[in-house]
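K.L.:
Any chance you could fold what I've pasted below:
(one chain, ligands or ions: 1)
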Amino acid sequence: MRSRSARIHFPLVAALLVAILSGLSAQAPAQPGPDLLIKGGHVIDPRNNIDAVMDVALSGGKVTRVAANIAATPAARVIDAKGLYVVPGLIDIHAHVFFGTEKDAYLSNADSAAQPDAHSFRSGVTTMVDAGGSGWRNFPQFKEQVIDRARTRVLAFINIVGSGMKGGPVEQNLADMDAKLTAMRIRQNAATIVGVKVAHYTGPEWDPVVRGVAAAQETNVPVMVDFGGHTPPLPLEDLLLKHLRPGDILTHMYAHVSGRVPIVDEQGKVRPFVWEARKRGIVFDAGHGGGSFLFRQAVPAIKQGFTPDVISTDLHSGSMNAGMKDILNTMSKFLNLGMPLAAIIKANTVRAADVIKRPELGHLSAGAEGDLTVLAVRQGSFGFVDSGGSRMVGNQKLECELTVKAGQVVWDLNGISRPMWTEGTK
Ligand SMILES: [Zn+2]
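P.N.:
This next block holds a predicted model:
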């Protein structure tokens with residue numbers, strides 16, 4: 001009886017199973033919960049017009065959702081970001097990270113350059129752009145030695161000088177500035193090279209700029225120019241209005257160096273041709289560095305509304321141990337000079353990404369790379385020093401609490417992503 005009854009019911013059971021399975025497959029697949037959930041922080045994501053308290057969910061190394069009150073699942077690591085700002089991973093478009101052991105080689109395979117991972121995450125940076133450390137000759141070495149080994153996303157402006165930024169006579173050699181070969185190297189490394197750098201040439205010719213622009217034109221990337229030091233001086237006005245194209249970048253915008261007029265004139269006014277250059281689409285980058293950010297330039301310029309498009313560091317062993325320090329200290333200067341926090345974040349996220357033509361970076365859209373930074377704005381009395389050695393006092397300072405790269409916590413200042421030791425097993 002039992003076996004016959006089983007035989008009778010078997011087709012029914014099978015039919016029932018088929019019905020259940022087809023019913024399940026007709027439904028939308030269940031949403032997996034996030035791997036990482038950052039709750040209650042003030043999200044600033046300028047690309048998506050978000051400036052409010054929200055939760056951010058990440059899974060599989062990507063941002064999956066930004067919304068209010070996202071439910072935590074048992075599997076998720078939940079981080080309480082109340083009272084903190086959650087922003088896309090910062091992009092530093094002017095750093096020097098082609099570090100190495102070559103003697104007298106300045107910022108090209110030399111020890112004045114910084115190791116990227118040693119400086120990036122602790123200041124909220126997930127993407128660093130090396131500004132001309134390598135040229136077409138030694139870019140492969142830079143890639144093998146630094147870019148491919150770093151956890152930080154390292155991109156590059158390639159120097160118009162074939163041997164890169166080795167200082168001294170190497171950067172004065174017009175014969176080593178080849179637009180064709182530079183363009184060739186860019187095409188070979190389109191995933192990594194985002195532009196061309198022109199810097200440090202002191203001769204009276206425009207050739208380095210002309211060749212830099214030619215290489216960039218051929219490959220549809222911007223040129224970044226560190227201008228000045230020419231004998232006799234070359235007019236900044238001609239650079240900005242005649243030689244550079246919309247989208248090209250003047251770095252060191254608040255510098256006052258020999259051989260280049262500063263953007264603010266003797267009467268404290270931003271020069272009319274500088275405004276005109278901005279109108280025609282020239283990008284102005286802070287590029288603080290060791291000698292390129294003066295309060296005497298920045299304060300009047302910002303008062304007149306001439307704020308930076310991008311706030312980069314020009315990081316190297318000199319600037320990091322002087323007034324510049326790191327990207328957050330540099331951004332804090334602008335915060336204390338009255339630039340709104342959201343505008344500062346925009347400059348170093350979506351605007352920076354736009355300048356280097358990497359629209360996939362600098363925002364927290366669903367599906368974007370899971371790079372983000374959690375910042376604290378500390379209140380107190382803080383001192384800030386410019387590249388001339390002058391001090392300014394301010395009452396706000398940005399500090400990096402947490403950095404996430406590709407969905408992984410890579411910096412956690414106060415352990416806010418960790419369990420209490422009393423609850424853990426280690
Ligand atoms: Zn530099």
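
K.L.:
Please make it C-alpha for all contacts and neighbour counts, starting now.
P.N.:
Noted.

K.L.:
residues in contact with stretch 396-403?
P.N.:
Surrounding stretch 396-403, the residues in contact under the criterion C-alpha atoms under 8 Å, 6 or more residues apart in numbering are 89, 121-126, 328-329, 331-332, 335-336, 371-382, 409-414, 416.

K.L.:
any idea of the mean pLDDT for it?
P.N.:
Averaging pLDDT along stretch 396-403 gives 98.

K.L.:
give me the element the closest residue to residue 73 other than its chain neighbours is part of.
P.N.:
The shortest distance from residue 73 to any residue other than its chain neighbours is 5.6 Å, reached at residue 33 (C-alpha to C-alpha, 6 or more residues apart in numbering). Following DSSP states H and E, one finds residue 33 outside all helices and strands.

K.L.:
Residue 33 contacts residue 77, doesn't it?
P.N.:
No. When contacts are counted by C-alpha atoms under 8 Å, residue 33 is not listed as touching residue 77 (10.4 Å).

K.L.:
ok, the residue nearest to residue 73 - contacts?
P.N.:
Residues in contact with residue 33, defined by C-alpha under 8 Å, 6+ apart, are 59, 72, 73, 75, 76.

K.L.:
how about the second one, what does it touch?
P.N.:
Yep, that's residue 72 we're talking about. Each residue near residue 72 by C-alpha under 8 Å, 6+ apart is listed here: 33, 34, 37, 78.

K.L.:
ok so, going back, next step: the contacts of stretch 396-403 restricted to helices.
P.N.:
In helices, judged by DSSP state H, the following of the contacts of stretch 396-403 are found: 328, 329, 331, 332, 335, 336.

K.L.:
quick revisit: what is the nearest of the contacts of residue 33 to residue 294?
P.N.:
The shortest distance between residue 294 and any of the contacts of residue 33, using C-alpha to C-alpha, involves residue 59 and amounts to 43.0 Å.

K.L.:
tell me the pLDDT at that closest one?
P.N.:
Predicted confidence (pLDDT) at residue 59: the value is 95.

K.L.:
contacting residues for it?
P.N.:
Residue 59 makes contact with 33, 34, 35, 36, 407 under the criterion C-alpha under 8 Å, 6+ apart.

K.L.:
For it, grab phi and psi.
P.N.:
Backbone dihedrals for residue 59, given as degrees, to the nearest 10, come out at phi -150, psi 140.

K.L.:
pull the helix or strand with minimum mean pLDDT from this protein.
P.N.:
The least trusted helix or strand in the chain, going by mean pLDDT, DSSP states H and E, turns out to be helix 2-26, with a mean of 51.

K.L.:
Nearest spatial neighbour of the residue nearest the centre of the chain, chain-adjacent residues omitted?
P.N.:
Closest residue to the average C-alpha location of the chain: residue 91 at 0.8 Å, with C-alpha atoms, centre = their mean. The shortest distance from residue 91 to any non-neighbouring residue, by C-alpha to C-alpha, 6+ apart, is to residue 127 (4.8 Å).

K.L.:
Then residue 213?
P.N.:
Take residue 213 and drop its neighbours on the chain: the residue closest to it by C-alpha to C-alpha, 6+ apart is residue 223, 6.2 Å away.

K.L.:
With residue 409 instead?
P.N.:
For residue 409, the nearest residue in space outside its immediate sequence neighbours is residue 403; the separation is 5.9 Å by C-alpha to C-alpha, 6+ apart.

K.L.:
before we move on, what about residue 221?
P.N.:
Closest residue to residue 221 in three dimensions, ignoring its sequence neighbours and counting by C-alpha to C-alpha, 6+ apart: residue 195, at 4.9 Å.

K.L.:
got it, and residue 291?
P.N.:
Ranked by C-alpha to C-alpha, 6+ apart and with sequence neighbours excluded, the top spatial neighbour of residue 291 is residue 387, at 4.9 Å.

K.L.:
ok, now residue 235?
P.N.:
Across the structure, with C-alpha to C-alpha, 6+ apart as the measure, the residue nearest residue 235 apart from its sequence neighbours is residue 260 (7.1 Å).

K.L.:
so that neighbour makes contact with residue 237?
P.N.:
No. At 9.9 Å, residue 260 and residue 237 do not qualify as touching, with contact defined as C-alpha under 8 Å.

K.L.:
for the residue nearest to residue 235, what are its contacts?
P.N.:
By C-alpha under 8 Å, 6+ apart, the contact set of residue 260 is 227, 228, 229, 230, 233, 234, 235, 236.

K.L.:
isn't there a helix covering residue 389?
P.N.:
No. Counting by DSSP: H, G, I helix; E, B strand; the rest coil, one finds residue 389 to be coil, located in no helix.

K.L.:
Quick check on the residue lying closest to it once chain neighbours are set aside: phi, psi?
P.N.:
When the adjacent residues along the chain are set aside, residue 389 lies closest to residue 323, with 7.0 Å between them (C-alpha to C-alpha, 6+ apart). Note on residue 323: its backbone torsions stand at phi -70, psi -30 [degrees, to the nearest 10].
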